[in-house]
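>>> I would like to see how this sequence folds:
(chains A and B)
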Number of protein chains: 2
Amino acid sequence: MALRKLKHEEIPRRSAEAVREGAKHPVYVLLQNIRSMWNVGAIFRTSDAVLVEKIIITGYTAVPPRKEIDKTALGATETVCWEYIADPIEAIRQLKSQGVKICALEICEGSRPHTAVTAEAFPICLVVGNEVGGIDDEVLAHCDFAIEIPQYGAKQSLNVAVSYAVAVYELVGRWRLHVERGETGVTQT
Amino acid sequence: MALRKLKHEEIPRRSAEAVREGAKHPVYVLLQNIRSMWNVGAIFRTSDAVLVEKIIITGYTAVPPRKEIDKTALGATETVCWEYIADPIEAIRQLKSQGVKICALEICEGSRPHTAVTAEAFPICLVVGNEVGGIDDEVLAHCDFAIEIPQYGAKQSLNVAVSYAVAVYELVGRWRLHVERGETGVTQT
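Numbers count the residues shown, from 1 in each chain, chains lettered A, B, ... in the order given. Below is the predicted model of the structure:
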């Protein structure tokens, strides 16, 4: 049977309001000094697709509204909850007080592969660091554990919006599987 | 124990030559009319990280060397094999004659989730279409099956380099798992 692409209007879409007000996956993302607004926008777009709870923007990372962000966010700044907290360590403190586990997306001593996150790690906040320097050491010191994306080539570097997407899709996929298998007490969104 | 980021020189790296000449994962990618050189470069960078066999560039997609591609490829055009074949259908014909399965990355009637690809689908070529129109119908007609990235938000759209990364990491992860479990006759790279 020949494949048939779905037309734009055939793809079921929820309204921005329904998405903004509706249940989310128990995943947060904290942006620490992301330099490129292209990357910030791309992270918003992916975050809409995976229904994260909230994007926490810290440090000198740009915040919406900015036309450079919307060039890649394509409207996702209207559907994803976000908050600016200047100090990432203060933001981490607030998340921890709500029981959120803090997970660095970083190549560290003892980082686990992104596929090795289990149900106990949720609710989880992925900390995503600067394009060049990664996560600052002082911020890393407040993270509970670290994950990394395995890399097999010569470069050992991925674009930050790309690594975030690979990591967050894996996390959300694993969380949904846990819920389907009844390994958590929560309801599937 | 506090997390410690690995320094640049502590991360083991293979030489560009070793990567170019060494074993790859049995995954190809075919780019059909990708408009943005940013996306082409980002796809190169991710392809280095996952060790794809080859990038097949078709249609009006730009080919290296171009400084706009290298801005996001960051040298990966030197480590990933690539070839330009103007006609994507001719490229698909060549791949099929080598036993490669052709997989559209597209929201189609009957697309399976990207997590539902099994060992029989390898060697596999992911076909990635234009940023706005997706894969052309004539090209889609030559694909063996389609996968899509599940999306839960309001937008139902992901950046093309982002969806490629999410899909290809899933494919390579599944392939490596099959190999580890001895479900294929091949050797792990």
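>>> so A:Tyr28 is in which element?
strand A:25-32 (DSSP states H and E).
>>> Name every strand pairing with that strand and say which way it goes.
Within its sheet, strand A:25-32 is paired with strand A:52-58 (parallel), strand A:124-128 (parallel), according to DSSP bridges.
>>> now those as a markdown table including mean neighbour count, mean pLDDT and distance to B:Pro150?
The C-beta positions use only the backbone N, C-alpha and C, and glycine is treated the same way. A markdown table is the format used below for the strands paired with strand A:25-32 (neighbours: other CB atoms under 10 Å in any protein chain shown; pLDDT from 0 to 100; distance: least, CB to CB, whole Å):
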| stretch | mean neighbour count | mean pLDDT | distance to B:Pro150 |
| --- | --- | --- | --- |
| strand A:52-58 | 23 | 98 | 14 |
| strand A:124-128 | 26 | 98 | 18 |
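>>> Indicate which one of these is closest to A:Ser36.
strand A:124-128 (12.1 Å; CB to CB).
>>> Can you tell me what sits against that closest one?
For strand A:124-128, the surrounding residues in contact (CB atoms under 8 Å, 6 or more residues apart in numbering or on different chains) are A:26-32, A:34, A:43, A:56, A:88, A:92, A:95, A:100-106, A:117, A:135, A:139, A:143, A:160, A:163-164, A:167-168, A:171.
>>> need the next SSE after the strand holding A:Tyr28, C-terminal direction.
helix A:37-50.
>>> which secondary structure elements does that next one contact?
If you count contacts as 3 or more CB pairs under 8 Å, 6 or more residues apart in numbering or on different chains; DSSP states H and E, helix A:37-50 packs onto strand A:25-32, strand A:52-58, helix A:67-73, helix A:160-180, helix B:160-180.
>>> Can you give the contact residues for the second one?
Read that as strand A:52-58. Taking CB under 8 Å, 6+ apart as the rule, strand A:52-58 contacts A:24-33, A:40, A:43-44, A:47, A:63, A:80-88, A:91, A:95, A:123, A:125, A:168.
>>> Can I get that strand in CSV? Just the C-alpha atoms.
Taking Å, rounded to 0.1, in the frame of the first residue of the first chain, the C-alpha atoms of strand A:52-58 are listed here in CSV:
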residue,chain,number,x,y,z
VAL,A,52,7.1,19.6,29.6
GLU,A,53,5.9,21.2,32.8
LYS,A,54,8.0,24.3,32.5
ILE,A,55,11.1,25.9,31.0
ILE,A,56,13.1,27.7,33.6
ILE,A,57,15.3,30.4,32.0
THR,A,58,18.3,31.5,33.9
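>>> quick one, that strand and helix A:37-50 angle?
160 degrees (axes from the mean of the first three to the mean of the last three CA atoms, to 10 degrees).
>>> Give me the contact status of stretch A:85-105 with chain B.
Yes - Stretch A:85-105 is in contact with chain B by CB under 8 Å from any CB of the partner chain, via A:Ala104.
>>> buried set for that stretch?
A:85, A:88, A:91-92, A:95, A:100-105 (16 or more other CB atoms under 10 Å in any protein chain shown).
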